[in-house]
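[1] I'd like to go over a predicted model; first the sequence, then the structure.
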Amino acid sequence: MERYYQPEIECASREQIKAWQDERLVKQVRHVWDNVPYYRKKMEEKGLTPDDIKSTDDLYKLPFVTKADLREAYPYGLVAKPLKDCVRIQSTSGTTGKRVVAFYTQHDIDLWEDCCARAIVAAGGTDEDVCQVSYGYGLFTGGPGLNGGSHKVGCLTIPTSSGNTERQIMFIRDLNATILCCTPSYAAYIGETMKEMGLTPDQIPLKAGIFGAEAWSEEMRQDIQNTLGIKAYDIYGLTELSGPGVAFECSAQSGMHINEDHFIAEIIDPETGEVLPEGSKGELVFTSITKEAFPLLRYRTRDICMLTREKCSCGRTHVKMCKPMGRSDDMLIIRGVNVFPSQIETVLLNHGYPANYQIIVDRVKSTDTLDVQVEMTPEMFTDNLGEIDRRQKELVDGLRSMLGLAAKVTLVAPKSIVRSEGKAVRVIDKRKI
Amino acid sequence: MNIKQISVFLENKPGALYAMTGVLAQNQVDLRALSVAETKDFGIVRMIADDVYKATTVLKEAGYIHSITPVLGVAIADVPGGLNRVLQVLTDAKVNVEYMYAFLGGKKADHAYMVFRVENNEAATAALAARGIKTVEQEEMDTL
């Protein structure tokens, strides 16, 4: 039988959801108008005042917010509450070195954790469960979000964070973890490691997994489910909006319910910005209608997606989004970390390398690999192998601090990276997702 | 007292060295010594050519990145302990050897030649000369 964390919300009528959204949107627009000069200016430029937004039917009138806005307003420009009311930041890497910093009041964290709790209950979690959170803790939202959700559900929570796979497996086995939260590629890696240890699915106590922060295919889901002997559920979110839990999968495992009492979803044409009818493929845009500290109106996610309001077998009434089908920008998600080619370019130039580079992304044994190929130049070349090695290590360190991710650097022969006539082919993504 | 070593950057992949020696062969460059220092991804080919100017010009034209490093060409008596004696001299002079490799085709039967990359060419040359060990000049390349 399907269980819900907040049944009166998750299974509310469409009319009720629309009524919540109308009321909260109007309030939110007034809130940002009053408290965020950046928004007020953007609205004024479109000739809008809060009175023009009377319901969700007027949403299309509002200007979009993009990652460029977040960069321009960094760090406090979009904060809608006095800092004394804010209790936390979370952060994700952004383009050209500037990070996205999102602010939370205690109330924001509370609602965010509710969203994560809904996902855990939808995956079958109860207070009888032992939930191991193997997402990174810290600035990354994955660990803190699911940790809070797990507490709300009443699960015994194991905050292992990411890494140290042997210890992960030890806790899963010794403490009989039943739910695993991490990136799908890390889940697959844990699964493969357990298989190599000779463990069969029936010897693994896990029954469900909540996996997100990166793209994964149906085939990968089947693999993970078979290796670990679990049901694997997808979860979606962005730091800009709160973190994981913006949308989550239910027992139907066919798309993720968007928490519409907190977020209004739209699909737009990424070229024209025009709102597309339900069922169309386009760019996903979110408006956070309950966030106090860091509300975003019509935030362009750059994720290409489709929405459906078809009745779901789980009983939930909130709209479902499919797995993101691609990006309308050049962002890569590698091991759950957002990476823009421009960030890599910045590091290369800072280290005296030319802007002739190629980024090769692959997935080896379920783990994403990032190989940055750079052309050797006469200026960089020396007969001293140790010196070249030292510079290469400096570059690897520079990339790690910019991206928060280990990358491999390969020096290649001059002119070996293909020059194209038009847009340079900077990224070769060999992953089969 | 130095000879000029040409160092070339090559990717560590099949055919890379062949392509480079092809360029030299087409241009009639004669190699006297060659050694490869490699990492997993790339290598540095170090070589002594009869005509440094011609070799570097044709390599550059073919798109190779190179550098010139002054190294020592040392005549070593072709008897047991010959190399040991040279290293003894350098050790006594506290000169560190970064790398070394053998010289091809010494035409004088009583000597072998080796290329030494050391920290301090002057100190090494002086120490070797003081002990009667000959270092080779660039101009002698043809006669060896």
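    That came through, no problem. Numbers count the residues shown, from 1 in each chain, chains lettered A, B, ... in the order given.
[2] any weak-confidence spans in chain B?
    Scanning chain B for pLDDT under 70 picks out B:1, B:104-109, B:141-144.
[3] try 80 this time
    B:1, B:104-111, B:138-144 (pLDDT under 80).
[4] which bits of it sit near chain A?
    Contact residues, chain B versus chain A (Cβ under 8 Å from any Cβ of the partner chain): B:5, B:7, B:9-11, B:16, B:37, B:39, B:41-42, B:44, B:46, B:63-67, B:69, B:98, B:117. Using the backbone N, CA and C atoms, a C-beta is placed for each residue, glycine as well.
[5] can you do 10 Å?
    Residues of chain B lying close to chain A (Cβ under 10 Å from any Cβ of the partner chain) are B:5-13, B:16, B:19, B:37-44, B:46, B:60, B:63-69, B:71, B:98-99, B:117.
[6] Weed out the non-buried ones from these.
    B:5-11, B:16, B:37, B:41-44, B:46, B:64-67, B:69, B:71, B:99, B:117 (16 or more other Cβ atoms under 10 Å in any protein chain shown).
[7] I figured residue A:218 was touching residue A:432, is that so?
    No: contact criterion Cβ atoms under 10 Å: residue A:218 and residue A:432 do not qualify, at 11.7 Å.
[8] helices or strands next to the helix or strand where residue B:83 lies in the packing?
    Using DSSP states H and E, residue B:83 falls within helix B:82-92. On a contact count with 3 or more Cβ pairs under 10 Å, 6 or more residues apart in numbering or on different chains; DSSP states H and E, helix B:82-92 meets strand B:66-77, strand B:97-102, strand B:111-118, helix B:121-130.
[9] Would you convert these into TSV that also reports distance to residue A:121?
    Formatted as TSV, the helices and strands packed on helix B:82-92 follow (distance: least, Cβ to Cβ, whole Å):
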stretch	distance to residue A:121
strand B:66-77	65
strand B:97-102	65
strand B:111-118	68
helix B:121-130	75
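[10] quick one, what contacts residue 82?
    All of this refers to chain A. Counting by Cβ atoms under 10 Å, 6 or more residues apart in numbering or on different chains, residue A:82 makes contact with A:35, A:105, A:293.
[11] sorry, should have said chain B
    Neighbours of residue B:82 in contact, by Cβ under 10 Å, 6+ apart: B:75, B:76, B:110, B:111, B:112, B:114, B:133.
[12] Assign the residue of the stretch 301-433 of chain A found nearest chain B to helix, strand or coil.
    Of all residues in the stretch 301-433 of chain A, residue A:383 sits closest to chain B, at 3.9 Å by Cβ to the nearest Cβ. Put simply, residue A:383 is coil when judged by DSSP: H, G, I helix; E, B strand; the rest coil.
[13] quick one, phi/psi of it?
    Torsion angles at residue A:383 (phi, psi; degrees, to the nearest 10) stand at phi -70, psi -10.
[14] Ramachandran angles for residue A:216?
    The phi/psi pair for residue A:216 (degrees, to the nearest 10) reads phi -150, psi 150.
[15] Distance-wise, check the closest residue in space to it that isn't next to it in sequence relative to residue A:177.
    Nearest residue to residue A:216, sequence neighbours excluded (Cβ to Cβ, 6 or more residues apart in numbering or on different chains): residue A:184, at 3.9 Å. Here residue A:184 is placed at a distance of 17 Å from residue A:177 (Cβ to Cβ, to the nearest Å).
[16] near chain B at all, stretch A:410-418?
    Yes: using Cβ under 10 Å from any Cβ, stretch A:410-418 reaches chain B at A:410, A:411, A:412, A:413, A:414, A:415, A:416.
[17] any chance of the residues you listed in JSON lines, with secondary structure and pLDDT too?
    Formatted as JSON lines, these follow (DSSP: H, G, I helix; E, B strand; the rest coil; pLDDT from 0 to 100):
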{"residue": "A:410", "secondary structure": "strand", "pLDDT": "92"}
{"residue": "A:411", "secondary structure": "strand", "pLDDT": "90"}
{"residue": "A:412", "secondary structure": "strand", "pLDDT": "90"}
{"residue": "A:413", "secondary structure": "coil", "pLDDT": "87"}
{"residue": "A:414", "secondary structure": "coil", "pLDDT": "85"}
{"residue": "A:415", "secondary structure": "coil", "pLDDT": "80"}
{"residue": "A:416", "secondary structure": "coil", "pLDDT": "81"}
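[18] Good, wrapping up.
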